[in-house]
Structure formats: C-alpha cells, structure tokens
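Participant: Please work out how this folds:
(2 chains)
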Protein chains: 2
Amino acid sequence: MNEAQNPPAPAVTRTLARYIVESNPDDIPDAVVHEARRALLHWIGCSLGGCRHEATETALAAFGEFSGAREATVIGRPERVDLLLAALLNGISADVLGFSDTHLKTVIHPGGVVGPAILGLAERAPISGRDFLHAFLLGIEVACRAGLSVYPWHYARGWHITGTAGTFGAAAAAGKLLGLDEQRMTWALGIAATQAAGLREMFGSMCKSLHGGRAAQNGLSAASLAQKGFTSSEQAIEAPRGFANVLGESPDLTALIRGLGTDFEVLQNTYKPFPCGVVIHPVIDGCVTLKAAHAFNAADIRRIALRVNPLVLELCGRKTPATTSQSKLSVYHSAAAATIAGRMTEQEYAMTCVADPAVVGLREKVEAVADAAIREDEADVVIEFADGKTLHHHVDFVIGSTRRPMSDADIEIKFRGLAAPVLPAETVEQLIAACWAITDQKEASILARLGAAQG
Amino acid sequence: MNEAQNPPAPAVTRTLARYIVESNPDDIPDAVVHEARRALLHWIGCSLGGCRHEATETALAAFGEFSGAREATVIGRPERVDLLLAALLNGISADVLGFSDTHLKTVIHPGGVVGPAILGLAERAPISGRDFLHAFLLGIEVACRAGLSVYPWHYARGWHITGTAGTFGAAAAAGKLLGLDEQRMTWALGIAATQAAGLREMFGSMCKSLHGGRAAQNGLSAASLAQKGFTSSEQAIEAPRGFANVLGESPDLTALIRGLGTDFEVLQNTYKPFPCGVVIHPVIDGCVTLKAAHAFNAADIRRIALRVNPLVLELCGRKTPATTSQSKLSVYHSAAAATIAGRMTEQEYAMTCVADPAVVGLREKVEAVADAAIREDEADVVIEFADGKTLHHHVDFVIGSTRRPMSDADIEIKFRGLAAPVLPAETVEQLIAACWAITDQKEASILARLGAAQG
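Facilitator: Here you go, the predicted model:
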C-alpha cells in the first residue's frame, strides 16, 4: 500500500493513553481545576434543564425496559437505570436544550459528554471528588484534542464533532476511573475510535442529542470492554485507516499530543448564556444590558434598531416564529422578549412568551440591518422611544466568549434557571456548593444524590 | 450553501422505508425465500462456531452485569441476556471466525448482522417463521443496498462496510417486526444512519467483530427508538450531510431503490466453505478434491506444487505459522493440512494441527508459484509422490463463489462442523430442519430455543 511508503505517523494513540494513565491530580494548575469545576456545574445544570425534554423521555421509554441493575441516577429524574443507559440519557439531556458548553476551536460540547460517561461509576464504587474532577478534566482534554486533529474538514464534511470526538473523551474519563493500564487505555481509545459517529444532517431532530448520549455511552462501553481485555488496533487514531484519516482529511495528528500536560483545552471552553442560536447572543446581550441599566416601559418603545453580522439574518432572520424551536432562530423575537423580560431563558422561548401580545407587538418594532463590519461576537442595539429619547449599547465582545467569559456567578444564575423547575431550591444551592467544592468531597456520588429528583 | 443549487437528491430514505413497510411475504419469489433460508442456517452456524471465542466471552464479561430482563438467547451459550445485549453478542459470534456469508458486490456480511438484530424479538413476542424470514430477507436487502450506494469508495477509505451498512439492515428488519409505519421506519433508517460506524483499521483485533455486533444492536435500538417516536432527519441517507455523502463520495443513490421488489441482493450472497482468508480457498478446494477422489498416504508425498494468483502469496505467503491466526494466512499450512485431513475446518487451524509433526513435515514440501494468469477464484494443484506418481486438479471456479455456490448440503456440512462442539448432535439436526422449514414454523423462537446451550 502507498501509505506504507510515507513516514510513519506519530504513535499518538499510545502517547495519549500513557498521558491519561500517568496524569495525577497534583499535576493540574489551579486555574485549570477551577475551569473544570465550572464545566462540571454547567453540565449538571444543562442536564437538569433537559431531563424532561421529549427526547430524553422518549429514549427512556424505548430503553428503560432493557435496563439492568438500577445503580445509576438519571439527573433530574426519579428513575434509576443501569450505568450504560444512564450515560446515554444524561448525555441526551445535557445536549437537548442546545445550551451546552462549547470548546470554540472545535465547536465540541465536551462537558455534557464526559460527565455522563462517569457519573454512574461514582455511584457504583466510591470515588473521591478530586479523582472524579480529574477524570472529567482529562476527558475534556482528550475529546477536544481528538476534535482538533480533524477540525475543520471533519465538521464541514458533515460530522457532528461532539458525537465523534466526544467518544474519545468519554472513554478516557471512564478508563481513568476504572484504573486502566496503558495497554488497556490504548485499546479503550481504539474501541472509542471505531464507534465514533453522528451526522450533522440530524440537527433539528432528536437524533442531534442522541449523538452526545451515544458518545458518553460508547465511551463508557469502550473503557468497560478494554478493562476486560477486549482488544483493538493500537494505532486507532493515526493509522492510514484509523479515525483521523477516515473521518478527517490531512489530519493534524500533533494536535493530539502537542503541549500535553501543560496546555489545557478546558481553558478554551465557553458557556452559552442564552438557550438559542449563538449568533443571536450579542443582540440579546445588548438588550439585557440596556434593560438592566435603565428604567423604561417597553410599551413606550417606538423602534429597536439592530446592526448585526450578516450571519444573524441568514441563520436567524425569521420574523414571525410559530414554535419554540423557531423562536430560538428569530433575532426579532429574541430582541423583543429580552428587552421586556431583561433576561433570556427557556421561559422567554416558551409558547406563553412567543404568543404574548406584548412581545408580539414589540417584535414588529424590531428592525435588523446586516453589516459586514460587525463581527459575529458583536452587535449594536438602539432603542428609540415614542418621546424621542434613545438608548444605545454597543456589544463589543459578547458575554460567554473567551474574551468576556461568563463569571462564576453568571454560571450559577444559569444553573438556577435550569434547575428550578426540577429540584427544590435548597437542593439546588447544595448542588451548586457541592460542585464548587468537588475536590473536597469524599465521594463524588454526592452529585448524583443531589441531582436525582425525588420519586 | 452550494448543495442547495444541485438538483434535489431522490428521496431514497423514505422510498426505502415505504418499501420495507409495504413488502409482504407473498411478494417474494421462492428462489429468493430459499436463499434467505440458506443465509439463516448459515448465520446460526457461524454464531454457534463463534459463541465461545474470546471476543464473545470478553464482551459478555464486560456487559453481562448491565443486562436487563433476560429474555433473549445468546446462541450456543446457556446465558440469557436482554434483547439489546443479545443482538450485540450474537453479532460478534457470527463474525468472529471470519466465516460469515458475503455479499460479494460489497463484501458485506449481511446475515450475521440482520439475524442477531431480530432473534430476540421473536423470543419476546410470538412471530411466525414466515414473518421472521421475511424481515430477515428485507434486512439483508437494505444492508446490501446501503452498501452499494457508497461502495467501493467507502470501503477503500477505510470503512468496515458490515459495520456501517449493516446498521441499516438491522434497523429495517427490526422495524419490520415491530410493525413500524412509514414515518417511523423513515426515522429508524435515519437513527441507523447516524450510528453507522466501524474502521477497517480494527481488522486483526476483537473490534473487527464488535462492528457486526454494534450494527445489530444499534439497528435494533434505532427501530426501538423510532417505535416510541424518536425523530431523525427524513433524508438521512441522501442529504448533503447524510450517510451517503459523508461516508461516501459521489454516491450512487439509485442503488438504494433501483429494482426494489424485483431484484434481490440476497441472490448475490455467498458462503465461505473454509474458515480462512478467501484467497486460499481455491488451493484448499483442490487439495480436498484430490484427497476425496484418490486413496493415498500423505507420508508418501514428495512435493505439492501450487500455481496461484499472485495475491495469494502477497496476503497468505507465510511459510511457518506460529499461531492459529497466522495459520489462516498461510497457504502452505492450508494445503498441507487439507491434503492430510481431506477437509479444512477450525480443527485444522487449531494449534494441535498447526504443530502436528505430520502437517509440519508436509508443509515443508509445499511449493507455491505466483502466476498472473491464474484468477483469484482459480488454482492449480499437483501432488507428486515418492514413487513418481502424480495427481493433478485444476480448480476453475472455487467452491463458494457465485459461479459455483455451496450446495444446501455443503452448508449443512459446514453447519454441523461449527455446531458439533456446542450442541448435541440431535439438536443440531433439529436446528437444521427448523431452518429449512422456517416458513412453516408457527413461532420463529424455535431457532433460539434449539440454538441455546443447556446451562
């Protein structure tokens, strides 16, 4: 074969496996540990928000009857299921609101795949919070690096990178907690590689969230198989017929190992403040900022004038949304609802708000102009009142970007919004506290215990 | 997007779904039904042969503890597991000896994926043998057509086509038995599409067989999800970011629907007579034929002279195999052992035979010459004796090819060889009879009942 004449590819699969096996919690800088805490809290919030979505409900209806020993929590729900099914369901719920953490360099949503793969393991055997967070962090690292090796060709081709690259991260984290040695970790990554799947064509259907769920479940499966000695190729990522060359084109294999142990991809992780298409976020940011800074009555507004990146109107230019899904793709609805409510949560995308006459009325007064000089993380918002007064806010870097990340308090606020319909307020605060103090927890299973709904 | 400017792709996903839903057992010609019976018998034989392989054992060890309701048989074994796990294990055992049926146009092994996806369904609820075989046949049809749409680019790229295309076949068969309507069958095919996976890099490791197992399991999962209303794209195969364009290049979408209902791909299915690399088969065929036709003592042989296609020495030129796996890639061992035993089964690749001094001695006397004039399905075998006598046989079309298919009796012989170490002789004969008479069986579950080992 021609491939044999090329210089041999670096042994990235084994190198990555060795790193995962040898990494120690003491090796991780504090700032990295803290970012992992944020991702952990954020993921559990997303799963709480998505746990009653029909995609989660339907998957539970389809697979619940096949569940084995009911050792694991489905976050936000009273049902308990086996570890593999819990990984699937918690992965679906994490993704389904489209509200996940995002590694901007690859658009992977790592936390919502890696967390679900390992939560059940912490319920089956005692695992310290420190070890749990360390495995979570390593999983995020591996998922993002697997993605970096094939991005952007991979995503442009049509692969849902959270489903594909996420599988590696889930396998790495689960394998770490199962105590795999280097050989078995190498196999686990290989078993992950050969199950990597998920097509972007599924966006807009429940299958989009199945990808994250399957990535979590298949990653846990891969680690479980490897633990028992199930073999795979040991060059699963770099071989001519391995992951990076089959699902990628001219892959950057060094991205898998460059700076391993010193550069941490979790530091590039971001959190979406609003549960809608990310391109609308700058506009919402502007509207919410003006509402917070000024006392006004929305009924007095004559016009809201937006200048936005052209992509906003291309992707989210729907003037009159008829459903919640459509409203999340409407910059007009988003601007109107955010200006009235002073926030943008699931409630502002619920049909009660989408059909609210006050919102509908204001939506008609929103005018948006595409301006190629406006970046995707930028927006200009002017509110004109009937009396001639105007308010102006220019969002230079949108909240939730790496330039202007959500603060810990912002993530808490988002968490509370997602958790409130599901858990008692007291439990919500305990869960937030448990995540911030995860490295001091004797047993990481506290997250599952607090995250489960009472039956 | 550019894609939008191309003529719209034919709605093959929905067309295929409609065909599966509307197809009736009465629509299928007798010859096609009979070929499906052969594939059924052959698959169960392969699973019996592979049920104690370490890949099957290891997967059971990893997942057995997560099994739900133990409603389904693991063929050849006493354990019962849930339907999804049974599909996985029966799919692994079907593939693991490398002895599966082969749709030569795509090199898919369809029977060993489709059968495992549906056997458990017949154990959970009464399904007539006629309906069961019909679903099995439809599954083979869909798997092969999915493969045809992307072959050969897909396989050359590095995809293990049994793992990818097989998922569609498993979903189709399971969906048929679950009684999905057109909408839900369309979703089932979409859910299958977005789980299609498996890399050829895994060949030589246990993961190779995981692909068939996952295809069976994920196909059954897809049908189960769709039954409950889990949605997917409705253009999952043909969309610009669907299966055929992401895992294929310039796919032939019409292959999915051309001649649907009149042309049946199962008629292109073949069965391997010997459990080794297919390129060695003509040589074995020649040696077995000479042994059957002539009484001689192998100790009197001076030389075995082979003329073979060059690929034989390229792929299977190993002179001195040290393991069973290596012996299956040795034309020298295969010729020697087949000439002594007059057959070539797993026993002739067991270490007892590989290390047998008589076999080792004869192996040294085998000489193979590559000859580009010899086709891949052809071989020339000359046995020279110490007394100067020679025997000659020229294999023009190897047994097991579409030109010279294995007879029903040949498949029975293969089945008995695979089943004998696992089931009592009487049960083996009952199982063979049950497969031939499957369309008269009131309940298809008889296959599982007879195929289970007593605990």
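Participant: How many residues are close by the closest residue to A:V422 other than its chain neighbours?
Facilitator: Spatially, and ignoring its direct neighbours in sequence, A:V422 is nearest to A:G76 (4.4 Å; C-beta to C-beta, 6 or more residues apart in numbering or on different chains). (Each C-beta comes from the backbone N, C-alpha and C, glycine too.) The number of residues packed near A:G76 is 24, by other C-beta atoms under 10 Å in any protein chain shown.
Participant: Repeat that for the one 5 residues further on.
Facilitator: Close neighbours of A:V81, defined as other C-beta under 10 Å, add up to 27.
Participant: got a list of what it touches?
Facilitator: For A:V81, the contacting residues are A:L60, A:F63, A:G64, A:S67, A:R70, A:A72, A:V74, A:L89, by C-beta atoms under 8 Å, 6 or more residues apart in numbering or on different chains.
Participant: ok, now A:R303?
Facilitator: A:K365, A:V366, A:E367, A:I383, A:E384.
Participant: what's the distance between it and A:D396?
Facilitator: Shown here: A:R303 relative to A:D396, a distance of 23 Å by C-beta to C-beta, to the nearest Å.
Participant: Report the residue ranges of every domain in chain A.
Facilitator: A:2-273+A:417-451, A:278-395 (automatic domain parsing).
Participant: Same list, these, but as CSV with mean pLDDT and distance to B:E123 please.
Facilitator: Listed next are the domains of chain A as CSV, based on pLDDT from 0 to 100; distance: least, C-beta to C-beta, whole Å:
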stretch, mean pLDDT, distance to B:E123
domain A:2-273+A:417-451, 96, 13
domain A:278-395, 95, 40
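Participant: Can I get the ones you listed in TSV including distance to B:T162?
Facilitator: Formatted as TSV, the domains of chain A follow (distance: least, C-beta to C-beta, whole Å):
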stretch	distance to B:T162
domain A:2-273+A:417-451	12
domain A:278-395	37
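Participant: Quick one: end-to-end distance for stretch A:294-313.
Facilitator: Its start and end residues considered, stretch A:294-313 measures 27 Å (C-alpha to C-alpha, to the nearest Å).
Participant: What sits closest to A:C51 if chain neighbours are left out?
Facilitator: Excluding its sequence neighbours, the residue lying closest to A:C51 (C-beta to C-beta, 6+ apart) is A:G76, at 3.2 Å.
Participant: Enumerate every residue touching the one you found.
Facilitator: Neighbouring residues of A:G76 by C-beta under 8 Å, 6+ apart: A:S47, A:L48, A:C51, A:R52, A:S93, A:A419, A:V422, A:L423, A:G451, A:A452, A:A453.
Participant: three-state assignment of A:A86?
Facilitator: helix (DSSP: H, G, I helix; E, B strand; the rest coil).
Participant: correct me, but it touches A:L119?
Facilitator: Yes - counting by C-beta atoms under 8 Å, A:L119 is a contact partner of A:A86 at 7.0 Å.
Participant: can you list residues touching both of these two?
Facilitator: A:A72, A:T73.
Participant: can you pull the pLDDT of A:R403?
Facilitator: Note on A:R403: pLDDT of 88.
Participant: Can you give me the neighbour number for it?
Facilitator: Around A:R403 there are 11 other residues, counting by other C-beta under 10 Å.
Participant: Name the nearest residue to it, ignoring sequence neighbours.
Facilitator: Nearest to A:R403 is A:F397, by C-beta to C-beta, 6+ apart, at 4.1 Å.
Participant: OK, contacts around the one you found?
Facilitator: Taking C-beta under 8 Å, 6+ apart, we find A:F397 in contact with A:D377, A:E378, A:R403, A:R404.
Participant: Repeat the analysis, applying 10 Å as the threshold.
Facilitator: The contact partners of A:F397, taken as C-beta atoms under 10 Å, 6 or more residues apart in numbering or on different chains, are A:P282, A:D285, A:R375, A:D377, A:E378, A:R403, A:R404, A:P405.
Participant: so what's the fifth one up against?
Facilitator: Put plainly, it is A:E378. Shown in contact with A:E378 (C-beta under 10 Å, 6+ apart): A:282, A:285-286, A:307-309, A:371, A:394-398, A:401.
Participant: Same check on the second one?
Facilitator: Applying C-beta under 10 Å, 6+ apart, one finds that A:D285 lies in contact with A:273-274, A:338, A:344, A:377-379, A:381, A:393, A:395, A:397-401, A:404.
Participant: And the next helix or strand past the helix or strand hosting A:S224?
Facilitator: With elements taken from DSSP states H and E, the one containing A:S224 is helix A:207-227. Remark: after helix A:207-227, the chain's next helix or strand is helix A:243-246, criterion DSSP H and E.
Participant: chain center to that following helix, what's the gap?
Facilitator: Distance of helix A:243-246 from its chain centroid, counting by C-alpha atoms, centre = their mean, to the nearest Å, is 24 Å.
Participant: How about that helix and chain B, touching?
Facilitator: Yes - judged by C-beta under 10 Å from any C-beta of the partner chain, helix A:243-246 and chain B are in contact via A:F243, A:N245, A:V246.
Participant: what's the distance between the last one and A:W159?
Facilitator: In other words, A:V246. 11 Å.
Participant: Quickly list what's touching both of the two.
Facilitator: Contact criterion C-beta under 10 Å, 6+ apart; residues shared by A:V246 and A:W159: A:V150, A:A196, B:L247.
Participant: As TSV, those with distance to B:G163 and neighbour count would be great.
Facilitator: Formatted as TSV, the shared contacts of A:V246 and A:W159 follow (distance: C-beta to C-beta, whole Å; neighbours: other C-beta atoms under 10 Å in any protein chain shown):
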residue	distance to B:G163	neighbour count
A:V150	19	29
A:A196	12	27
B:L247	11	28
